[in-house]
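Asker: 3D model of this:
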Amino acid sequence: MKKISFVILTLFYSILFAQTDRTELLKEISVKIKENYINENVLKSIDSLFQSEIKSKNFNALNEKEFTEDLTRKLRFVAKDKHFFIKYLENYTSQKSINDTEQQRLDNYHNSLENFGFEKVERLKGNIGYINYKGFAEKKSSQKSLEAVMNFVSNTNSLIFDLRENGGGDNNMLILFCSYFFKDKSNLYQTYFRNSGKTVNNRTKSKVKGEKYLNKNIYFLTSEKTFSAGEALAYFLQERKIAKVVGEKTGGAANPVDHFFIQNKYILLVPTGKITSTFSGKNWEHVGVIPDETVKTENALKVAYSLALKETLKNKIKTEISETEMQNLITKLEE
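Answerer: Next up, the predicted model:
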């Protein structure tokens with residue numbers, strides 16, 4: 001009987017500790033959001049969510065993965081902001097034990113295993129360039145890959161960017177990427193940060209390493225998975241009539257995020273800024289990037305490829321294949 005009582009008592013204190021631990025965790029997360037989230041209009045709704053969760057104690061029945069997924073889903077629903085994200089860091093090394101230089105080295109190594117987001121680069125028949133790009137890695141480590149890619153496609157007549165699985169990433173890399181499509185330095189957009197009260201101007205570079213891609217047809221392939229910086233690349237070039245968008249409406253997440261470590265066990269992503277295009281005075285938050293040609297994502301490449309070839313024929317641009325061969329290729333793509 002003593003052994004059974006001891007087990008029951010131990011179990012009781014274990015449950016009690018879990019409740020206290022999760023309650024404090026939610027309070028810490030709530031404070032970070034209140035201090036940093038860009039949209040003050042929904043802070044009351046977010047606070048109500050946390051108060052409800054703390055009161056109900058429903059989170060006590062969830063494991064770490066279930067808890068973080070459930071909280072992420074509820075935050076996104078209440079705030080109508082897909083950038084909110086919280087993840088449990090199972091094998092996290094405290095930031096106190098690793099410096100920024102070492103952390104960046106590790107991040108660069110992992111990004112290099114995925115070729116810094118460049119999944120595939122090729123020249124299609126009819127001298128059309130194709131770049132499958134899945135994410136914006138840190139600029140300093142990935143700019144050489146970008147330079148090589150842009151040099152490879154520099155002699156093509158048109159260019160197709162596949163962003164259908166691009167989840168976004170580094171803002172500085174986004175600016176550098178955009179710079180390849182502007183002849184001169186251009187003030188692309190402004191970012192206002194609520195937590196600091198500062199507004200930052202984001203400008204393209206007049207000079208880049210590698211060949212700029214100017215005065216040629218550019219097509220972006222998009223899907224609902226195209227997110228954040230992936231959306232930005234398509235949005236800024238589309239609104240300036242530099243490129244056309246083919247595919248599905250994108251995710252609609254314009255607000256830039258910052259990350260916060262909570263209790264050395266969780267990482268919390270909070271949208272801390274608001275982007276405003278200097279061209280239109282707008283952004284794609286909640287709205288997404290609207291395609292010029294709306295098609296199912298699986299058909300986007302065929303449609304964009306066909307459009308590029310038609311422009312080649314229309315402008316009587318010489319390629320390695322004849323006009324008849326090109327027309328037959330278009331017919332095949334449209335079957």
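
Asker: all helices for this structure, in order.
Answerer: Assignment of helices within the chain using DSSP state H yields the ranges 2-36, 43-56, 64-79, 100-112, 139-152, 171-179, 229-239, 300-314, 323-333.

Asker: Show me which of those helices has the highest average neighbour count.
Answerer: With neighbours defined as mean count of other Cβ atoms under 10 Å, the helices of the chain peak in mean count at helix 229-239, which reaches a mean of 25. Backbone N, C-alpha and C define where each C-beta goes, glycine included.

Asker: Identify all contacting residues around it.
Answerer: Identification of contacts with helix 229-239 by Cβ atoms under 8 Å, 6 or more residues apart in numbering yields 133, 135-136, 161, 163, 166-171, 173-174, 177-178, 181, 188-189, 218, 220, 222, 226, 243-245, 250-254, 275, 277, 279-280, 283-284, 288-289, 292.

Asker: Which one of the helices of the chain lies nearest to Ser206?
Answerer: Closest to Ser206 of the helices of the chain is helix 171-179 (Cβ to Cβ; 7.9 Å).

Asker: Could you give the number of residues near Ala253?
Answerer: Number of residues near Ala253 (other Cβ atoms under 10 Å) recorded here: 27.

Asker: quick revisit: PyMOL command for the buried members of the contacts of helix 229-239?
Answerer: Buried residues among the contacts of helix 229-239 (16 or more other Cβ atoms under 10 Å), as a PyMOL selection:
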select buried, resi 133+135+136+161+163+166+167+168+169+170+171+173+174+177+178+181+188+189+218+220+222+226+243+244+245+250+251+252+253+254+275+277+283+284+288+289
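
Asker: among the contacts of helix 229-239, which are in strands?
Answerer: Tyr133, Phe161, Leu188, Tyr189, Ile218, Phe220, Thr222, Lys244, Val245, Ile275, Ser277 (DSSP state E).

Asker: Which residues are in contact with the fifth one?
Answerer: Neighbouring residues of Ile218 by Cβ under 8 Å, 6+ apart: Ser158, Leu159, Ile160, Phe161, Phe181, Leu237, Ile242, Ala243, Lys244.

Asker: again with the third one
Answerer: Contacts were defined as Cβ under 8 Å, 6+ apart; by that measure Leu188 touches Ile175, Cys178, Asn202, Arg203, Thr204, Phe236, Ser277, Thr278.

Asker: And the ones in strands among the contacts of helix 229-239, which is closest to Val121?
Answerer: Closest approach to Val121 among the ones in strands among the contacts of helix 229-239 (Cβ to Cβ): Tyr133, at 8.8 Å.

Asker: Bridge partners for that closest one, pull those for me.
Answerer: Going by DSSP bridges, Tyr133 is paired in beta bridges with Phe118.

Asker: now do Lys274
Answerer: Tyr192.

Asker: Now do it against Gly252, distance only.
Answerer: Here the criterion is Cβ to Cβ, to the nearest Å. By it, Lys274 lies 14 Å from Gly252.

Asker: what sits in contact with each of these two?
Answerer: Glu285.

Asker: and Lys318, how far is that from Met326?
Answerer: Distance from Lys318 to Met326, by Cβ to Cβ: 11 Å.

Asker: Name the residues contacting each of these two.
Answerer: Residues touching both Lys318 and Met326 (Cβ under 8 Å, 6+ apart): none.

Asker: re earlier: nearest to Phe118 among the contacts of Leu188?
Answerer: Ranked by distance to Phe118 (Cβ to Cβ), the contacts of Leu188 are led by Cys178 at 16.3 Å.

Asker: That closest one against Thr204, yeah?
Answerer: Yes: applying Cβ atoms under 8 Å, one finds Cys178 in contact with Thr204, separated by 5.2 Å.

Asker: Mind listing residues that contact stretch 83-92?
Answerer: For stretch 83-92, contacts defined as Cβ under 8 Å, 6+ apart pick out 29, 64-65, 67-68, 71-72, 75-76, 228, 253, 255, 257, 261-262, 264-271.
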